[in-house]
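Q: Sequence and predicted structure, then a few things I'm wondering about:
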Amino acid sequence: MKEFAKKPEKPRALPACAVLLAGGRGTRFWPRSRMRTPKQLLNIVGRETMLRETMARLAPLVQPRDIWAVTNVEQAAAVRRELRGVPASHVLAEPVGRNTAAAIGLAAVHLAHEHGDALMAVLPSDAYIRDAAKYRGLVRAALDLARAEGNLVVLGIPPSRPETGYGYVERAGTSGPPRGVAAYAVLRFTEKPALPLARKYVASGKYLWNAGMFFWRASTFLDNLRRFLPETHDALLELGKTIGTRRYASALRRIYPRLENISVDYAVMEPATRIVGKPRVSVIPAKVGWSDIGSWAAVYELLAVKPGANVSAGPSFALDAVGNYFWSPKKLVAAIGVRDLVLVETDDALLLCSRERSQDVGKIVKWLESQKLSNLL
């Protein structure tokens, strides 16, 4: 009988998984944003919560079964309710906050346990993106580029102004056009520059804002943790051995506080650009109408139909009043002779400030904490 050689099995395709970072407090959106209902769990600029909008814009690129979220214990139940169709076990609750390197590492060991390896799209859960279709195309291209072992990819936002509140990515020459999309090698990551330097960055045309949207294989990320944060890497691998067992919950409480408290930008991305060869760090420019919506003033800028228009979430009357933002869905706001104000009303608090000072709202939260007014947090 003639024998036929057995065909080699095709390598299993890596699943594309989204990891949504959903543990922030959003203190600059007080009094609407609270410990249990932070910015990502609010409908800041639309009808849906920002977390649900983040999930929706990924469809059909990433299926609900392949979405994961990292949050904290206080918000975990609410996050699970918002992520309809996402397995409850895919919402990972940190027992203590340890910044983004640890949060992403926690997701990576879970993905390694479930899939062996997987593509990771690591995304903030509280950003606004106007052009969702173009964004999905860029995410698809970034995942394609991240498929190769050792590749680290970031989406960079072309700057519209010399912003001092964002990190920047300096790009070099092109590193290859995934799906016809321009991708550039990254020379370095730089944190929040002073205004004169930010102006130079924007004028050069070589810098992009770092919006915190990263792409890589789970194995690539864990390998970089091993290289740059070995103690955190080893602790996560120890934790990973307990996933799916009764020991996991106690191991998480015991091990997670040992992880280093550092952002992924400082821990991995910056040192990776200083190494020759692997890892290869690339940036894809993403002109998609992005905003991190970092303050009530940013909400006004997104919603105002023209300069000087008043924006109100409920009934309002304005007489010689311009450039104001009102959030009072149930009560009539009557404004006379005022300009560029923010007014936000909840059942137990009222915020009134100028739009230009809306970045300082987080200081109110710090004061409330110092006064131990937990009922307002």
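A: Now that the structure is in, tell me what you want to look at. Numbers count the residues shown, from 1 in each chain.

Q: The helix or strand of the chain with the lowest mean pLDDT packs against which elements?
A: Least confident helix or strand, the chain: strand 167-174 with a mean of 86, by mean pLDDT, DSSP states H and E. Where contact means 3 or more Cβ pairs under 8 Å, 6 or more residues apart in numbering; DSSP states H and E, strand 167-174 is packed against strand 151-157, strand 184-190, helix 195-204, strand 207-217. Yep, even glycine has a C-beta here, placed from its N, CA and C like the rest.

Q: now stretch 368-377, how far from the chain's geometric center?
A: 27 Å (Cα atoms, centre = their mean, to the nearest Å).

Q: Over to stretch 349-361?
A: Mean-position distance between stretch 349-361 and its chain equals 24 Å (Cα atoms, centre = their mean).

Q: try stretch 64-80
A: With Cα atoms, centre = their mean, you get 13 Å for stretch 64-80.

Q: Now do the same for that stretch: mean pLDDT, whole number.
A: What stretch 64-80 shows for mean pLDDT is 95.

Q: List the buried residues for it?
A: By neighbour count with 16 or more other Cβ atoms under 10 Å, stretch 64-80 contains the buried residues 66, 67, 68, 69, 70, 71, 72, 75, 76, 78, 79, 80.

Q: What separates the first and last residues of that stretch, distance-wise?
A: Terminal residues of stretch 64-80 are spaced 12 Å apart (Cα to Cα, to the nearest Å).

Q: Can you say which helix or strand has residue 225 in it?
A: In this assignment (DSSP states H and E), residue 225 forms part of helix 218-228.

Q: Other residues contacting that helix?
A: The set of residues external to helix 218-228 that reach it, using Cβ atoms under 8 Å, 6 or more residues apart in numbering, is 101, 104-105, 108-109, 111-112, 115, 117-120, 146, 149-152, 232-234, 236-237, 267-268, 271-272, 279.

Q: Work out which residue lies at the spatial centre of the chain.
A: residue 124 (1.3 Å; Cα atoms, centre = their mean).

Q: With adjacent residues omitted, what lies nearest to it?
A: In this structure, residue 124 finds its nearest non-sequential neighbour in residue 212, 5.1 Å apart by Cβ to Cβ, 6 or more residues apart in numbering.

Q: isn't that neighbour right up against residue 126?
A: No - taking contacts as Cβ atoms under 8 Å, residue 212 lies outside contact range of residue 126: 10.2 Å.

Q: which of those two has more neighbours?
A: residue 126 (26 against 19; other Cβ atoms under 10 Å).

Q: How much space separates the more buried one from residue 145?
A: 25 Å (Cβ to Cβ, to the nearest Å).

Q: Kindly report the same for residue 234.
A: Residue 234 is 29 Å from residue 145, by Cβ to Cβ.

Q: who's more crowded, those two?
A: More neighbours surround residue 145 than the other of residue 234 and residue 145, with 22 against 14 (other Cβ under 10 Å).

Q: what's the angle between the host helix or strand of the more buried one and strand 151-157?
A: Per DSSP H and E: residue 145 is located in helix 132-146. Between helix 132-146 and strand 151-157, the angle comes out at 160 degrees (axes from the mean of the first three to the mean of the last three Cα atoms, to 10 degrees).

Q: Would you mark the buried spots in helix 132-146?
A: Residues 135, 136, 137, 138, 139, 140, 141, 142, 143, 144, 145, 146 are the ones in helix 132-146 that count as buried (16+ other Cβ under 10 Å).

Q: Report all helices and strands that that helix contacts.
A: For helix 132-146, the packing partners by 3+ Cβ pairs under 8 Å, 6+ apart come out as strand 119-124, strand 151-157, strand 207-217, strand 280-285.

Q: And those: which comes nearest residue 165?
A: Nearest to residue 165, of all the helices and strands packed on helix 132-146, is strand 207-217, at 9.6 Å by Cβ to Cβ.

Q: Export only the CA atoms of the closest one, formatted as PDB.
A: Output in PDB follows, covering the C-alpha atoms of strand 207-217 (Å, rounded to 0.1, in the frame of the first residue of the first chain):
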ATOM      1  CA  TYR A 207       6.400  64.200  16.500                       C
ATOM      2  CA  LEU A 208       3.000  62.600  17.300                       C
ATOM      3  CA  TRP A 209       1.000  62.600  20.500                       C
ATOM      4  CA  ASN A 210       1.100  59.300  22.400                       C
ATOM      5  CA  ALA A 211      -2.500  58.400  22.900                       C
ATOM      6  CA  GLY A 212      -1.800  55.200  24.900                       C
ATOM      7  CA  MET A 213      -3.000  52.800  22.100                       C
ATOM      8  CA  PHE A 214      -0.500  49.900  21.900                       C
ATOM      9  CA  PHE A 215      -0.400  46.600  19.900                       C
ATOM     10  CA  TRP A 216       1.800  43.500  20.300                       C
ATOM     11  CA  ARG A 217       1.700  39.800  20.900                       C
END
